[in-house]
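# This is a predicted model, with the sequence first.
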Amino acid sequence: MMHERVFGSFDLFVLPFLVGMVFVLLFCLFGLLRILYQLSREERLKFYASLLNPANIIKNLKDIFFDCLIHVKLWRRNPLLGYMHSSIAFGWFMLIVLGHLETWFYIPERMELIYYPIFFRYFMQVSGTTVGGALFFFLMDFFLLVVLSGIGLAVFKRFRSRALGMKRTTRLTLLDYVALYSLWLIFPLRWIAEGFTAGVAGGSFMTVPINMLLSSFMKNPENITIAWWAYSMALSIFMFSLPFTRYMHIPTEILLIPMRNAGLKVRRHNKGYALAQLYSCPSCGVCIDACPMGLHRRSADATVYMVRQFKRANQARSLEIAEKCLMCQKCSSLCPISIDATELRLAFRSRQKYNILPDFQYLKRYLALSAEDDSAYAQAQNGQTEENSSGNPVMAVVSSIGSKVKSIGQKIMSLGSSSKEQQENIGSEKVLYYAGCMTSLTPVVRESVEKLLKASGVEWSNMDSGRSICCGRPLFLSGKMEQARQLVEANSEIIHNSGASILLVSCAICYRMFKEKYSLEGVRVMHYTEYFNELIKEGRLKVKRSALKYVYHDPCDLGRGCGIYEEPREAIERAGHLVKAGKERKESICCGGSVGSLALSYEERVHITEHSLENLTVNAPDCIVTACPLCLTTYAKQSEIKVEDFAQVLVENLK
Amino acid sequence: MVNFGYGLTPSSAVKIIEGEDKLYRKLCEMEPDVKKCMACGSCAASCTAGDFTEMNLRKLILSLQRGYYQQALPMVKNCMLCGKCNIVCPRGINTRHLIMSIQKIYNL
Amino acid sequence: MTKNVVVIGGGASGIEASRRLRDLGYSPVLVEKEDHLGGHLASWNRLFPQMIPAKDILKSLTSDMKGIEVFLNTEVISINRLKDSYVVKFSNGLSAQVKAILITTGFTLFPAQKKQEYGYGIYDRVITNADLEAWFNGNKDKRVTDPQVIGFVHCVGSRDEKAGNRQCSKVCCATAVKQAIEIKEKFPDAVVYCFYMDLRMFGRGYEDMYLKAQKDYGIRFLRGRVSEVSEDINGRLVVKADDTLLGKPVKISMDLLVLMSGMIAPESNMELSKMLKVLPGEDGFFSPANAISNPTLSNRDGVFFAGAATGPKTMPETLSEGRAAALEIDSYLKRVGD
């Protein structure tokens, strides 16, 4: 029936595997302790608490199963690519599980030997005539076939990556190659080793034919040991190289998922939770194709290389990569591991040392000035108007605060009605419109928004028709968090003092900042695409459908950043025919103008814009529509076809 | 020094010592584009911080170039990094990165 | 038939060259894509610095067109090289076999709406240099109504990498000063500003014109590029610039802003250069084989240039090049023989 073939259940050939396995386990243990140690006290407590929460435990297990073993995200991207990864990961996992089950089933006292389940076939002779035996033999061979098919695809992908949906693959390091080839060898060697043994130890549809084939010309039983040695050696090489290669993602991701589900955030670019992220990167290279900077050549600045440089602590290259990125987030939204690429870069940027730091104390004086009573303000404004109408050019030297030219620096310009009347008009919504810095370079946006507000009879005031304070996002993106906070405070004060119930924002960059970093109680922050779409739906704004074909560009901060994809499309559909771009929504390509990039040169940006425009015009639209002033000026300079702002399109099609 | 009881008005002329300003040379290494500035003033005119303060990038670049920066340098504290100057610069200078580099290598 | 020469572009240099070629005994074919001859000259009002009416110049240019075959509303469809001649096909169905082709395609004005921050096409009080010339010519324009403060913005789409044109358009400085004087004559009480980066008054009499603008017309010159234009509550324009000489940013309320659109290469140059296999430069203008010793020669036998096809030029320069090209073609044709 069944008995142990080898006396003492030990053979020298298990040693390479055993040492490798112990090495990997010790390395992982050490890494785990290091990451836990680098977490702050609060983070650690948060993490432990989440591990005790039953709902979280289920979510962790589910995520680990679907992400680490099945690779659901890759399936969605390309079924072949998905199959390749899940066949290797899940197949191998099942081989290990089945090996342990067999051991536990037949010879439970050997469970404590970690090598035993791996080399079970060598040590044990099991009859395939029982139902259990036959089932085990069959399952083992079946999953071996699954893994081998995955390996076959992987080999194929090395030569024809396009067939698996990837234009470009990662440049591997020397050790990556060592690990890769040893991984490829593990399973064919296992097949041969088990094939040799199948004659005595039993086997199924994969191993028995191999046994017959091999024994037909290799009679010497010594070959058995050689095959098992080779199998163990391949395993050992893989294990020894694993900590220093991309395959470290296999154990790390199991840690990353519970940490992410516990709500941890990246603080330092290579410590704690961030370190778990770095080691979870499998260097799959999905980010290389995703990166808009790499459209004309293989980008050396994609996230996968950033991760590599962060791990190597190469400061100069890390800075270069961290500063160049457009922060468009396309890589992280396509990343199968969902690595927070922008957060990691931001953390690195915030570590930079500056001798001179910005300081916005001067805004406090400005805010105090603006809070002066209305009458003095109105007087100053009247005086100004008279001066203008008398024909004197008003030459205002703007730099001195507190000079008499207040109308130029007016904070909130009421339109339509005086502010007193507005106060009495409680009940209806009070809209405060913030156009943002960039909009002053694209006056068409402000003009169109004001026309739409007028057309819909909304009562509104402008927050920044004179001077404006930046929303703070550019500072935030440059890593100057504390300074950004000062701007957030100043703007929050203006917004609260205005008594507005809706803050209307036409810039995608500002919108994201107001949404994420401001806490404006009682104020609804709305992007103009949301707001005008709502007005159209409510019938307060009436547009007619033109015959023009529009294509809509998803601004990074609005789409991937805030998840607003539908509202602008719904509204544009009512004003004309919406055609699709080559890649859109989550996969939309950054216009190239992003404030997220600190170091990208103008020449490099021009190429990105060019490609982005090509992508938008695949379906021959008459007009490109965008909902961000920065995308608008960027495209308008290079586009051959008309580029319009979202509000402009609605104005042109007003009933 | 004998105190005569009155002070001499210092000359307002900028003393330019050619090729001696190490910091500016370092800045040129980090930001080669700074040499492209033609002092058109687009950056200063569109500057968000310039609406409130003395911030004027054109003036700053010129002052640094002349090695005459102690008076001009404090203005760089006012910059909000909003990026408007970056968009309007007709020579395509990456002004934001330039400002950040100035903040890195110069000392007040 | 072999005495034919095809001249592509019916602007000033095309007309002048055709006339000279005819005088030398050739039968030029002058192709113009518009419905009239004269190019930009036809739409301009007066020419600096002597303030000579453009229509007088055009009139004398086109006074004697006998012996010149003029195709209006016509474009070149294809050009094929035979052994030592070219077969040129036109959109009117005709074609010509010639040994020499003269390119006088000139320039187009930079589309000012591309500089979105200036608000051309958005604000009611922003016009271009061409719009102003049309108004000088008597065309109605409701944007020009009794302006009190007027601004001229130099270098719109010139010396601007972002607008895709690094080159200086050469003539806009002088044009702006000319137009500033002219509009001041129309509105003597108005205050007129010129926002310039560098005033390039390179020609004879230009500096005098500049002096006159300052001394006699009180035009204010402000060194600084306009960076943005907004509208105040009363609908007046607020123009922002850095007064680089004063060292302070300024904001000026205005009633009329004139954008000095620069000269850029016509888009059709690309098409033409493919047909003729003469590569245009990075800026889109054609590059002569030797820009100093003979700017009318291309690097291909039988292909010649004249006028603004090889870059921004003044009217006298353009006309001289037209004449020079005619002579050059004559000696070329004599050299290669009939």
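On my side now, so go ahead.
# what's the neighbour count on the residue in chain B positioned nearest to chain A?
Residue nearest to chain A within chain B (C-beta to the nearest C-beta): residue B:92, separated by 3.4 Å. Where you see a C-beta, it was placed from the backbone N, CA and C, and this is true even at glycine. Using other C-beta atoms under 10 Å in any protein chain shown, residue B:92 is surrounded by 18 other residues.
# Now do the closest residue to it other than its chain neighbours against residue C:262, distance only.
Distances taken as C-beta to C-beta, 6 or more residues apart in numbering or on different chains put residue A:602 closest to residue B:92, at 3.4 Å, once the chain neighbours are dropped. Noted for residue A:602: a distance of 19 Å to residue C:262, by C-beta to C-beta, to the nearest Å.
# ok, these two, which is more surrounded?
More neighbours surround residue C:262 than the other of residue A:602 and residue C:262, with 26 against 16 (other C-beta under 10 Å).
# Verify the contact between that one and residue C:171 for me.
No - counting by C-beta atoms under 8 Å, residue C:262 stays clear of residue C:171, with 9.1 Å between them.
# and chain B, which residues reach chain C?
B:38-47, B:50, B:56, B:58-59, B:87-92 (C-beta under 8 Å from any C-beta of the partner chain).
# What subset of those residues is buried?
For those, a burial check counting by 16 or more other C-beta atoms under 10 Å in any protein chain shown picks out B:39-47, B:50, B:56, B:58-59, B:87-92.
# Tell me which of these fall in helices.
Those of these mapping onto helices are B:42-46, B:58-59, B:87-88, per DSSP state H.
# Check chain B and tell me which residue is nearest its centre.
Closest residue to the average C-alpha location of chain B: residue B:60 at 1.8 Å, with C-alpha atoms, centre = their mean.
# The closest residue to that one other than its chain neighbours: neighbour count?
Spatial nearest neighbour of residue B:60, chain neighbours left out: residue B:72 (5.2 Å); criterion: C-beta to C-beta, 6+ apart. By the criterion of other C-beta under 10 Å, residue B:72 has 17 neighbours.
# Same question for residue A:364.
Per other C-beta under 10 Å, the neighbour tally for residue A:364 reads 13.
# for the helix or strand encompassing it, packing partners?
In the assignment (DSSP states H and E), residue A:364 maps to helix A:362-370. Contacts defined by 3 or more C-beta pairs under 8 Å, 6 or more residues apart in numbering or on different chains; DSSP states H and E place helix A:362-370 against helix A:481-498.
# Residues contacting the helix or strand just after the helix it packs on, please?
For helix A:481-498, the succeeding helix or strand toward the C-terminus, using DSSP H and E, is strand A:502-505. With C-beta atoms under 8 Å, 6 or more residues apart in numbering or on different chains as the test, strand A:502-505 has contacts from A:429-434, A:436, A:449, A:460, A:463, A:495, A:511, A:514, A:520, A:523-528, A:531.
# so where is chain B shaky, pLDDT-wise?
For chain B, applying pLDDT under 70 flags the ranges B:1-12, B:14, B:16-20.
# Contacts only, for residue 105.
Went with chain A since none was named. By C-beta under 8 Å, 6+ apart, the contact list for residue A:105 reads A:132, A:136.
# wait, I meant chain B there
Contacts of residue B:105 by C-beta under 8 Å, 6+ apart are A:355, B:23, B:26-27, B:30.
# Can you tell me the number of residues neighbouring the closest residue to chain B within the stretch 201-338 of chain C?
Of all residues in the stretch 201-338 of chain C, residue C:242 sits closest to chain B, at 2.9 Å by C-beta to the nearest C-beta. Residue C:242: 31 surrounding residues under other C-beta under 10 Å.
# by contact count, what packs against the top helix by length along chain C?
Longest helix in chain C by number of residues (criterion: DSSP H): helix C:315-336. With contacts defined as 3+ C-beta pairs under 8 Å, 6+ apart, helix C:315-336 has these neighbours: helix C:12-23, strand C:100-103, strand C:303-305.
# In whichever helix or strand comes after the first one, which residues are buried?
What that stands for is helix C:12-23. Using DSSP H and E, the helix or strand that follows helix C:12-23 in sequence is strand C:27-31. Using 16+ other C-beta under 10 Å as the test for burial, strand C:27-31 gives C:27-31.
# Other residues contacting the helix or strand that comes right after strand C:27-31?
Downstream of strand C:27-31, the next assigned helix or strand under DSSP H and E is strand C:46-47. Applying C-beta under 8 Å, 6+ apart, the contact partners of strand C:46-47 are C:52-54, C:57, C:136, C:178, C:182, C:315.
# Pull up the pairing partners for strand C:46-47, direction included.
strand C:52-53 (antiparallel) (DSSP bridges).
# burial measure for residue B:103, as a count.
Residues contacting residue B:103 under the criterion other C-beta under 10 Å number 22.
# Show me where the stretch 201-350 of chain A has its helices.
For the stretch 201-350 of chain A, the helices defined by DSSP state H, counting those that start in this stretch occupy A:207-217, A:222-241, A:249-261, A:273-280, A:286-290, A:303-312, A:315-324, A:330-334, A:341-349.
# ok, so what distance separates residue B:35 from residue C:193?
With distances taken as C-beta to C-beta, residue B:35 is found 30 Å from residue C:193.
# quick one, which of the two is more surrounded?
residue C:193 (24 against 12).
# mind checking the SS state of that one?
Look at residue C:193: counting by DSSP: H, G, I helix; E, B strand; the rest coil, its state is strand.
# That one: what's it in contact with?
The contact partners of residue C:193, by C-beta under 8 Å, 6+ apart, come to A:393, C:149-152, C:219-222, C:252, C:254.
# just curious, which of those residues is nearest to residue C:205?
When the contacts of residue C:193 are compared for distance to residue C:205 (C-beta to C-beta), residue C:219 wins out at 16.9 Å.
# How many neighbouring residues does that closest one have?
Under the neighbour criterion other C-beta under 10 Å, residue C:219 is assigned a count of 22.
# In terms of pLDDT, where does residue A:358 sit?
At residue A:358, the model reports a pLDDT of 92.
# Counting neighbours, which bits of stretch C:282-289 end up buried?
Quick answer for stretch C:282-289 (16+ other C-beta under 10 Å): C:284-288.
# quick check: domain ranges of chain C?
Chain C is divided into the following domains under automatic domain parsing: C:4-107+C:265-336, C:110-263.
# Need these in JSON lines (columns: distance to residue A:66).
Formatted as JSON lines, the domains of chain C follow (distance: least, C-beta to C-beta, whole Å):
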{"stretch": "domain C:4-107+C:265-336", "distance to residue A:66": "53"}
{"stretch": "domain C:110-263", "distance to residue A:66": "47"}
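# Quick one: these as TSV, columns for mean pLDDT and distance to residue A:335 too.
Listed next are the domains of chain C as TSV, based on pLDDT from 0 to 100; distance: least, C-beta to C-beta, whole Å:
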stretch	mean pLDDT	distance to residue A:335
domain C:4-107+C:265-336	95	39
domain C:110-263	95	33
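# buried residues in the longest helix along chain B?
For chain B, the longest helix by residue count, based on DSSP H, is helix B:95-105. By neighbour count with 16+ other C-beta under 10 Å, helix B:95-105 contains the buried residues B:95-103, B:105.
# which residues of chain A fall in strands?
Per DSSP state E, chain A carries strands over the ranges A:3-4, A:124-125, A:395-397, A:413-414, A:431-434, A:460-462, A:502-505, A:524-527, A:549-553, A:577-579, A:623-626, A:642-645.
# rank those strands by pLDDT, which is bottom?
Averaging pLDDT over each of those puts strand A:395-397 lowest, since it has a mean of 34.
# okay but residue A:564 is in contact with residue A:527, surely?
Yes - contact criterion C-beta under 8 Å: residue A:564 and residue A:527 qualify, at 6.1 Å.
# Who has more neighbours out of the two?
The neighbour comparison of residue A:564 against residue A:527 (other C-beta under 10 Å) goes to residue A:527, with 28 against 23.
# That one reaches residue A:558, doesn't it?
Yes - at 6.4 Å, residue A:527 counts as touching residue A:558 under the criterion of C-beta under 8 Å.
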